[in-house]
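**Student:** sequence and predicted structure are below.
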Amino acid sequence: MGYELICVEYRQGDPQRVRLYIDGPDGIGLEDCERVSRQVVGILDVHDPVPGEYVLEVSSPGDDRPLVKPQHFMRFKGERIRVRTLAPIARRRNFTGQLVEVAPESIVLNVDGEQVNLRFDELEMARLAPQLDTAGPRRGSKR
């Protein structure tokens, strides 16, 4: 349909959830999500890969978009990201830092001035971690 499938998440529960993150050259709007949802629900209903009832969600990747493919990491080199590893590395599983290098099998993060090398096969999850702008007036604050 001309969209990139960023990733698929499946969560068991009541109800089960199937979440698709999609992207496009001009970004993703509500109409894009609705269009993909109509197509995918038809395919899921015919092939029935999810037993029982489920909720299908189609979404843009958002500001904290998941990074799944090596191309995603290349696209966002220099950005701040958050990763969780499958097993502890140096007694920790969660790392947040600037993505400074992307190689075919690994990435390098600058975490508080220290270089951390992580292989793709060690990663459980990776997402952009944009810094929120905390400057400026807040709702309900007095001036």
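**Tutor:** On my side now, so go ahead.

**Student:** skipping adjacent residues, who's closest to Glu122 in space?
**Tutor:** Distance criterion C-beta to C-beta, 6 or more residues apart in numbering; nearest residue to Glu122, sequence neighbours excluded, is Thr85 at 5.0 Å. Where you see a C-beta, it was placed from the backbone N, CA and C, and this is true even at glycine.

**Student:** what comes up buried for the helix ranked longest in the chain?
**Tutor:** Assignment by DSSP state H gives helix 30-47 as the longest helix of the chain. Across helix 30-47, burial judged by 16 or more other C-beta atoms under 10 Å covers Asp32, Cys33, Arg35, Val36, Ser37, Val40.

**Student:** surely Val50 is in contact with Gln16?
**Tutor:** Yes: with contact defined as C-beta atoms under 8 Å, Val50 counts as touching Gln16 (6.0 Å).

**Student:** who's in contact with stretch 117-125?
**Tutor:** With C-beta atoms under 8 Å, 6 or more residues apart in numbering as the contact definition, stretch 117-125 has outside contacts at 66, 70, 83-87, 89, 93, 95, 105-109.

**Student:** at 7 Å instead, please
**Tutor:** Pro70, Val83, Arg84, Thr85, Leu86, Ile89, Glu105, Ser106, Ile107, Val108, Leu109 (C-beta atoms under 7 Å, 6 or more residues apart in numbering).

**Student:** state the pair within the residues you listed that is farthest apart.
**Tutor:** Farthest pair in the contacts of stretch 117-125 (C-beta to C-beta) is Pro70 and Ile89. Separation: 19.3 Å.

**Student:** any low-confidence regions in the chain?
**Tutor:** 133-143 (pLDDT under 70).

**Student:** from the contacts of stretch 117-125, which ones fall inside helices?
**Tutor:** Per DSSP H, the subset of the contacts of stretch 117-125 in helices is Pro70.

**Student:** out of the contacts of stretch 117-125, which is nearest to Val116?
**Tutor:** Leu109 (4.7 Å).

**Student:** on that earlier part again, using CSV, write out every CA atom in whichever helix or strand comes after the longest helix of the chain.
**Tutor:** Following helix 30-47 in sequence order, the next helix or strand is strand 54-59 (DSSP states H and E). What follows is strand 54-59, C-alpha atoms only, in CSV (Å, rounded to 0.1, in the frame of the first residue of the first chain):
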residue,chain,number,x,y,z
TYR,A,54,-8.7,-9.2,19.4
VAL,A,55,-8.3,-5.4,19.0
LEU,A,56,-6.3,-4.2,16.0
GLU,A,57,-4.5,-0.9,16.4
VAL,A,58,-2.7,0.9,13.5
SER,A,59,-0.5,3.8,14.5
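
**Student:** done for today, thanks.
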